[in-house]
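Engineer: With the input below, show me the fold.
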Amino acid sequence: MSVVVGVFFAILFFVLIMASIALHEMGHLIPAKIFGVRVPKYFIGFGKTLWSRKFGETEYGVKAIPLGGFVQLLGMYPPARPGTKSWIGRVADDARSTEYDSITEADNGRLFHQKPVWQRIIVMLGGISMNIFLAFLIFLSINVFHGTYQSTLEVDRVSDCIIPAERAVRECEPSDPPTPALEAGARVGDLLVSFNGVPLTSWEQMGDLIRDNRGDQARVVVERDGQRVDLTPTRTVVTSVVDRLDPTKTVEAGFFGVGPTSELVRGGVSDTLAQMWEMTRMSLIAIAEFPVRIYNVAADLVTGQPRDLNSPISIIGASRVAGELSVAEQIPTADRVASWMSLLGSVNLFVGLLNVVPLVPLDGGHVAGAIYEWIRRGFNKLRGRPDPGAVDTARMFPVVYLVGGFLLIGGAILIIADIITPISLF
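Structural biologist: Numbers count the residues shown, from 1 in each chain. Okay, the predicted model is just below:
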């Protein structure tokens, strides 16, 4: 029965991701129509058309490969200019030719490139904004109705020994030295009060102080049985710890050897924004390292090495994780629901941030082109020069092929890896 339930929730997760993609494209469609851009097509998926229906001047439909979607904004690229063309110009003309075959005189003034820069930016940011807004609503709902687990200053565990972060076996060995916390006399149930004279207000602050202390003296005060106790002065040790923003890396930092208890805390808008900002910082690092991480997944797949649990996953892998999470009976039902929804919110946030990258065919690339056009026109106006016209973003089609090819190959690698060596939470 659990297998059936897991498959059901994996499929449901996949469907909701596709719904998120549909809303992403709707984020482009709605402002485009408001600004009078002609929108011939709105489709979810790629490849062969499974179903379509025309409403007004727009054909809405679903295609066979459910791994994305698109909105056709007529006149994305300005018309070709006469004259001898370089190879880039010829590529650009080939790209725009298929579109301009369907443009008529009646479309004059309704083409995307003819619209003011600010309108084009709003249209292209609409999809990004939709995904980020969906992520915000999901995380806010979790915070309001369930809450998130947050670390407190109460000690939940005292590590017996210092285990190198890169070692797979997470058990003490005879050669492992005792932790500073054990030597200092820390106990489970202690409430951390101060570190080297600095009053503590959060576990995150305590962690930062320990990391920055490196190998220097550590004087810790705790509250135990209602009394303040000065622990035996000791020294934190410099060891490899997992980087907070990039869990695929380790950094050298101070280590003490205590772990916090967690409590379920409900929050509101400000808490949600703070959490999303931290996730955004982590996501931006992941996006910057995306090509390297894809390569590492491919290398591990070819060589048969164990897959890094922090490696990127495809929509197939995310759906599989969602299905596994839904039947994890060791986790309370409410926590499972919250974690399941949190995964959905994380995917939406990542998709939104990925589209910010200023490279076509991503939304950020078109925004960058519009901003460049605005700057160029303003510069020419200040110098009394004629309007240079719209920037020919069709000349960026070699970049489209490069970026699109990478995303296609990278996506295929992740899907294969998620089938052959899937990431498992338990």
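Engineer: Give me the secondary structure label for residue 228.
Structural biologist: strand (DSSP: H, G, I helix; E, B strand; the rest coil).
Engineer: List the buried residues of stretch 99-116.
Structural biologist: In terms of neighbour count (16 or more other C-beta atoms under 10 Å), stretch 99-116 has its buried residues at 99, 103, 110-115. (Glycine included, C-beta is placed from N, CA and C.)
Engineer: Three-state assignment for the residue most central in space within the chain, please.
Structural biologist: Nearest to the geometric centre of the chain sits residue 350, at 2.2 Å (C-alpha atoms, centre = their mean). Using three-state DSSP, the structure places residue 350 in helix.
Engineer: For residue 54, see how far away it is.
Structural biologist: Using C-beta to C-beta, to the nearest Å, residue 350 is found at 33 Å from residue 54.
Engineer: Check residue 415 too.
Structural biologist: Counting by C-beta to C-beta - residue 415 and residue 54 are separated by 33 Å.
Engineer: circling back: please name the nearest non-neighbouring residue to the residue nearest to the centre of the chain.
Structural biologist: Among residues not flanking residue 350 along the chain, residue 283 sits closest, at 5.3 Å (C-beta to C-beta, 6 or more residues apart in numbering).
Engineer: Help me confirm that the one you found is found in a strand?
Structural biologist: No: judged by three-state DSSP, residue 283 forms no part of a strand; its state is helix.
Engineer: so who does it touch?
Structural biologist: Residues counted as contacts of residue 283 (C-beta atoms under 8 Å, 6 or more residues apart in numbering) are 349-350, 353.
Engineer: For these, give me JSON lines that also has distance to residue 149 and pLDDT.
Structural biologist: JSON lines is the format used below for those (distance: C-beta to C-beta, whole Å; pLDDT from 0 to 100):
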{"residue": "349", "distance to residue 149": "19", "pLDDT": "97"}
{"residue": "350", "distance to residue 149": "21", "pLDDT": "95"}
{"residue": "353", "distance to residue 149": "24", "pLDDT": "96"}
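Engineer: Which residue ranges make up the domains of the chain?
Structural biologist: Using automatic domain parsing, the domain parsing of the chain gives 1-31+111-147+267-426, 150-265.
Engineer: Redo those as TSV? Include distance to residue 93.
Structural biologist: Converted to TSV, the domains of the chain look like this (distance: least, C-beta to C-beta, whole Å):
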stretch	distance to residue 93
domain 1-31+111-147+267-426	8
domain 150-265	43
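Engineer: Touching stretch 365-385 from outside, list them.
Structural biologist: Stretch 365-385 is contacted by residues 76, 117, 120-121, 124-125, 357-360, 386-388, 390-391, 393, 396, 399, 403 when judged by C-beta under 8 Å, 6+ apart.
Engineer: just the buried members of those residues?
Structural biologist: For the contacts of stretch 365-385, a neighbour count by 16+ other C-beta under 10 Å gives the buried set as 76, 117, 120-121, 124-125, 357, 359-360, 390-391, 393, 396, 403.
Engineer: And those, which is closest to residue 219?
Structural biologist: Using C-beta to C-beta, residue 357 comes nearest to residue 219 of these, at 46.4 Å.
Engineer: Now do the SS call for the closest one.
Structural biologist: Of the three states, residue 357 takes coil under three-state DSSP.
Engineer: thought residue 6 was touching residue 329?
Structural biologist: No: the pair residue 6 / residue 329 is not scored as a contact, 11.2 Å apart, by C-beta atoms under 8 Å.
Engineer: For those two, indicate the residue with more neighbours.
Structural biologist: Just comparing residue 6 and residue 329: by other C-beta atoms under 10 Å the higher neighbour count belongs to residue 6, 18 against 8.
Engineer: what's the distance between the more buried one and residue 335?
Structural biologist: Per C-beta to C-beta, residue 6 is found 17 Å from residue 335.
Engineer: now do residue 104
Structural biologist: Note on residue 104: its distance to residue 335, by C-beta to C-beta, is 57 Å.
Engineer: Could you give the average pLDDT over stretch 135-153?
Structural biologist: Stretch 135-153 comes out with an average pLDDT of 96.
Engineer: From here on, call the first residue 17.
Structural biologist: New numbering, starting at 17: the last item is stretch 151-169.
Engineer: From start to finish, how long is it in a straight line?
Structural biologist: Using C-alpha to C-alpha, to the nearest Å, the end-to-end distance of stretch 151-169 comes out at 29 Å.
Engineer: Report the buried residues of that stretch.
Structural biologist: Neighbour counts over stretch 151-169 (16+ other C-beta under 10 Å) mark 151-152, 154-156, 158-159, 162-164, 166-169 as buried.
Engineer: tell me the contacts of residue 21?
Structural biologist: Residues near residue 21 by C-beta under 8 Å, 6+ apart: 342-343.
Engineer: Backbone dihedrals for residue 81, both of them.
Structural biologist: phi -100, psi 100 (degrees, to the nearest 10).
Engineer: Now do it, the pLDDT please.
Structural biologist: Here, the pLDDT recorded for residue 81 equals 90.
Engineer: Can you give me the distance of it to residue 65?
Structural biologist: Counting by C-beta to C-beta - residue 81 and residue 65 are separated by 11 Å.
Engineer: What segments of the stretch 267-416 of the chain are strands?
Structural biologist: Assigned by DSSP state E, counting those that start in this stretch, the strands in the stretch 267-416 of the chain fall at 274-281.
Engineer: Now do the helices in it.
Structural biologist: 285-304, 306-319, 331-342, 349-370, 379-398, 413-436 (DSSP state H, counting those that start in this stretch).
Engineer: Can you say which of these is packed in most?
Structural biologist: The densest packing among the helices of the stretch 267-416 of the chain, expressed as mean neighbour count by mean count of other C-beta atoms under 10 Å, is seen in helix 331-342 with a mean of 21.
Engineer: Number of residues surrounding residue 187?
Structural biologist: Applying other C-beta under 10 Å, I find that residue 187 has 9 neighbouring residues.
Engineer: Can you tell me, leaving aside adjacent residues, what's nearest to it?
Structural biologist: Distances taken as C-beta to C-beta, 6+ apart put residue 179 closest to residue 187, at 7.7 Å, once the chain neighbours are dropped.
Engineer: If anything else comes up later, I'll come back, but that's it for now.
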